[in-house]
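Participant: Predicted structure and sequence below. I'll ask about it afterward.
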Amino acid sequence: MNANSQYIFKALIVVCSAYFVIGCEAPPTTNPLPQEVTKRTSTIPFVSTNESSKTIDSLKARLLESYSLYWPLISSEHQHEQLPGVLSDPLPELREFGIERVAVLLRDGDATDQELQLVVDLLRDPSPSVRIAAAKLLPEINVPGLSEYVANSLSIEKDSLVIKEELLFFMTRPHPKAIEPTIALLSHSPVDSAANTLIVLLNANEISGDTKQRVVQTVQKSRKSDDSPSLITLEAMLGDKTVQQKLIRLLEHQDEEIRFAVAEGFASAGYAQPLIERADNPELYEYALTALQGRVGIESFKQLMDLYIPDNDLWNASAFSIATALDTSSLLRADDMLKRIGMNELRLQVLGAIWEKASEKSLAARKAIARRAVPLMISSDDAVGALQLLDVFGESLVDEDLLTLRFRAAISASAWDAAADAKPTPEPWIGAWELERKADPTAASVIRQQITSRFKDELTPEQRELLGIVQVDATPNQDQ
């Protein structure tokens, strides 16, 4: 410890020792009490219990004020040495102070795993205020087994403020271990916090049918005394058809919050029809899209097409989500639907995403996807990517239509050898040249040069005439 740190801690110990003499819990024992301080404080008179309360509070305040004042002045290394002792100090206020200091170090990127674990352990502290301080820091902590530990703490926690903080933690880290403790809180305070957290947990994790039924029964009982929107959402999410049908009327409720609560529950459950019927209402349109995403299949995609709005990002995202979850046969049908409304950019996004996982599909399925994707890639100026996609098939690429696509991609990418490999006769090359003559004369000229150099001995007189190639007569003139 350097001289500056020694001086600062000596000042802290003076206050701590006075507090100790009065008869309270011992101060931090991470440093021995200097002899000179002992002599100076040994003359403090005895204070009776009845008179000591205000004095104790005053000394506590002085102690914390001293820690707050002097702690930032000591070296970072010495802070790390002292923190375990502060975090285990008998005085709750000092344990809270220790948590605050760990928070500062954590945000500076300097907290150690040991310090963070000590903070997590304080979720079981006897003092509610210490537990609250520790719980508030949880979203910023990442140590092994954290979610499981917090879930176990939640199951035994009695203080409502601590419970709220632990529930907030699971809003951002929806771990399955937290489901049961959260369900148990649906009939106790804070019910609304528990319900909101459970919605997040169930959107991220699967539960059994029996558990769903148990939650619905608990929710219905709780709604008799606390008809909060979050409870309505849970009932709409997890209820069977009978339960859900009884809730449909609430989509017309005068209270916007109630309408949205039911819509959110239906959307999460994939119960789309009531929302689709009301999709002309902008408030419910997005929920209808979300509900359809929860019901994977070509029928959902058909219903989505009925909700199509041009240049709508939400609709596009829903179409992508549903289409990329379809089997190959259904995907091709969905692609046809998108093609009819001119959504080529979206088609290419969908087909590209499917192709990334195409190795899991059959050869026939992969070729079917390639037949749709390659023309779109060529038309979007990604001929090189299209050629690379087709090269994946190797020697299995024997289909005439795919060879034609490979030739088109190679010509567009100026990959002349690949084009010749796909189409080794002059006819397709001449066809490509004719297509380019008006569209891009420069490109057509390059293709013509390739034809001349590659097929000059194979061209018919008609082809030479079409290409404007003058045949040189190699026979000597006998009159000369």
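Facilitator: Great, that's in hand.
Participant: Please tell me how far residue 122 sits from residue 84.
Facilitator: 12 Å (Cβ to Cβ, to the nearest Å). For every residue, glycine as well, the C-beta is placed using N, CA and C.
Participant: Likewise for residue 75?
Facilitator: Residue 75 is 16 Å from residue 84, by Cβ to Cβ.
Participant: cool, residue 112 as well?
Facilitator: Counting by Cβ to Cβ, the gap from residue 112 to residue 84 is 10 Å.
Participant: where does the stretch 51-200 of the chain have low pLDDT?
Facilitator: Residues of the stretch 51-200 of the chain meeting the criterion pLDDT under 70: 51-52.
Participant: Then the stretch 351-480 of the chain?
Facilitator: Using pLDDT under 70, the stretch 351-480 of the chain drops low at 471-480.
Participant: Give me the nearest residue to the residue nearest in space to the middle of the chain, chain neighbours excluded.
Facilitator: The chain has residue 172 as the residue nearest its centroid, 10.0 Å off, counting by Cα atoms, centre = their mean. Sequence neighbours aside, residue 139 is the residue nearest to residue 172 in space, at 5.8 Å (criterion: Cβ to Cβ, 6 or more residues apart in numbering).
Participant: next one: phi and psi at that neighbour?
Facilitator: Per-residue torsions, residue 139: phi -60, psi -20 (degrees, to the nearest 10).
Participant: Please say which of residue 122 and residue 84 ends up with more neighbours.
Facilitator: A count of neighbours by other Cβ atoms under 10 Å puts residue 122 above the other of residue 122 and residue 84, at 24 against 15.
Participant: Next one: that one from residue 404, what distance?
Facilitator: Taking Cβ to Cβ, one finds residue 122 at 70 Å from residue 404.
Participant: same check, this time on residue 396
Facilitator: From residue 396 to residue 404 the distance is 16 Å (Cβ to Cβ).
Participant: Settle it for me: which of those two has more neighbours?
Facilitator: Ranked by neighbour count (other Cβ under 10 Å), residue 396 and residue 404 place residue 404 first, with 14 against 11.
Participant: list the buried ones in the helix or strand harbouring that one?
Facilitator: Using DSSP states H and E, residue 404 sits within helix 400-412. The neighbour-count check on helix 400-412 (16 or more other Cβ atoms under 10 Å) flags 402-403, 405-412 as buried.
Participant: Next secondary structure after it?
Facilitator: Counting by DSSP H and E, what follows helix 400-412 is helix 416-422.
Participant: who touches that following helix?
Facilitator: 387, 403-404, 406-407, 410-411, 429, 450, 454 (Cβ atoms under 8 Å, 6 or more residues apart in numbering).
Participant: elements contacting the top helix by length along the chain?
Facilitator: If you go by DSSP state H, the chain has its longest helix at helix 49-70. Using 3 or more Cβ pairs under 8 Å, 6 or more residues apart in numbering; DSSP states H and E, the elements in contact with helix 49-70 are helix 3-22, helix 92-107.
Participant: If you count contacts, what does the last one end up packed against?
Facilitator: By that I understand helix 92-107. By 3+ Cβ pairs under 8 Å, 6+ apart, helix 92-107 packs against helix 49-70, helix 76-87, helix 113-121, helix 128-137.
Participant: From residue 234, how far out is residue 243?
Facilitator: Separation of residue 243 from residue 234 (Cβ to Cβ) stands at 11 Å.
Participant: quick one, which of these two is more surrounded?
Facilitator: Remark: of residue 243 and residue 234, residue 234 carries more neighbours, 31 against 15, as counted by other Cβ under 10 Å.
Participant: Verify the stated contact: that one with residue 200.
Facilitator: No - judged on Cβ atoms under 8 Å, residue 234 makes no contact with residue 200 at a distance of 11.2 Å.
Participant: what's the overlap in contacts for those two?
Facilitator: By Cβ under 8 Å, 6+ apart, no residue touches both residue 234 and residue 200.
Participant: helices or strands up against the strand or helix carrying residue 235?
Facilitator: Secondary structure from DSSP H and E places residue 235 in helix 229-238. Judged by 3+ Cβ pairs under 8 Å, 6+ apart, helix 229-238 is in contact with helix 191-204, helix 209-223, helix 241-247, helix 256-269.
Participant: okay, the angle between it and helix 191-204?
Facilitator: Orientation check (axes from the mean of the first three to the mean of the last three Cα atoms, to 10 degrees): helix 229-238 against helix 191-204 gives 30 degrees.
Participant: Helix 229-238 - what's its average pLDDT?
Facilitator: Across helix 229-238, pLDDT averages out at 97.
Participant: Quick one: residues in contact with that helix.
Facilitator: 186, 191-192, 195-196, 198-199, 202, 212-213, 215-216, 219-220, 222-223, 243-244, 247, 250, 257-258, 260-262, 264-266, 268-269, 271.
Participant: Then stretch 325-334?
Facilitator: Stretch 325-334 is contacted by residues 296-298, 301, 319, 322-323, 350, 354, 361, 365, 368-369, 372 when judged by Cβ under 8 Å, 6+ apart.
Participant: Any buried residues in it, and which?
Facilitator: 326, 328, 330-332, 334.
Participant: Most widely separated two among the residues you listed?
Facilitator: For the buried residues of stretch 325-334, the farthest-apart pair by Cβ to Cβ is 328 and 334; their separation is 10.6 Å.
Participant: then the helix holding residue 235 to PDB, C-alphas only?
Facilitator: The C-alpha trace of helix 229-238 is given here as PDB (Å, rounded to 0.1, in the frame of the first residue of the first chain):
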ATOM      1  CA  PRO A 229     -53.600  -5.900 -19.300                       C
ATOM      2  CA  SER A 230     -50.600  -8.200 -18.800                       C
ATOM      3  CA  LEU A 231     -52.800 -10.800 -17.300                       C
ATOM      4  CA  ILE A 232     -55.200 -10.500 -20.200                       C
ATOM      5  CA  THR A 233     -52.300 -11.000 -22.600                       C
ATOM      6  CA  LEU A 234     -51.300 -14.200 -20.800                       C
ATOM      7  CA  GLU A 235     -54.800 -15.600 -21.000                       C
ATOM      8  CA  ALA A 236     -55.100 -14.800 -24.700                       C
ATOM      9  CA  MET A 237     -51.600 -16.400 -25.300                       C
ATOM     10  CA  LEU A 238     -52.200 -19.600 -23.500                       C
END
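Participant: quick one, it and helix 209-223 angle?
Facilitator: The directions of helix 229-238 and helix 209-223 differ by 150 degrees, with the same axes, to 10 degrees as the criterion.
Participant: and the gap between residue 300 and residue 227?
Facilitator: Taken as Cβ to Cβ, the span from residue 300 to residue 227 is 32 Å.
Participant: So these two - more neighbours on which side?
Facilitator: Of the pair residue 300 and residue 227, residue 300 is the one with more neighbours under other Cβ under 10 Å, namely 24 against 10.
Participant: Tell me which residues of the helix or strand the more buried one falls within come out buried.
Facilitator: Residue 300 is located in helix 298-306, with elements delineated by DSSP H and E. Neighbour-count burial for helix 298-306 flags 298, 300-301, 303-304 (criterion: 16+ other Cβ under 10 Å).
Participant: And for stretch 282-293?
Facilitator: 284-293.
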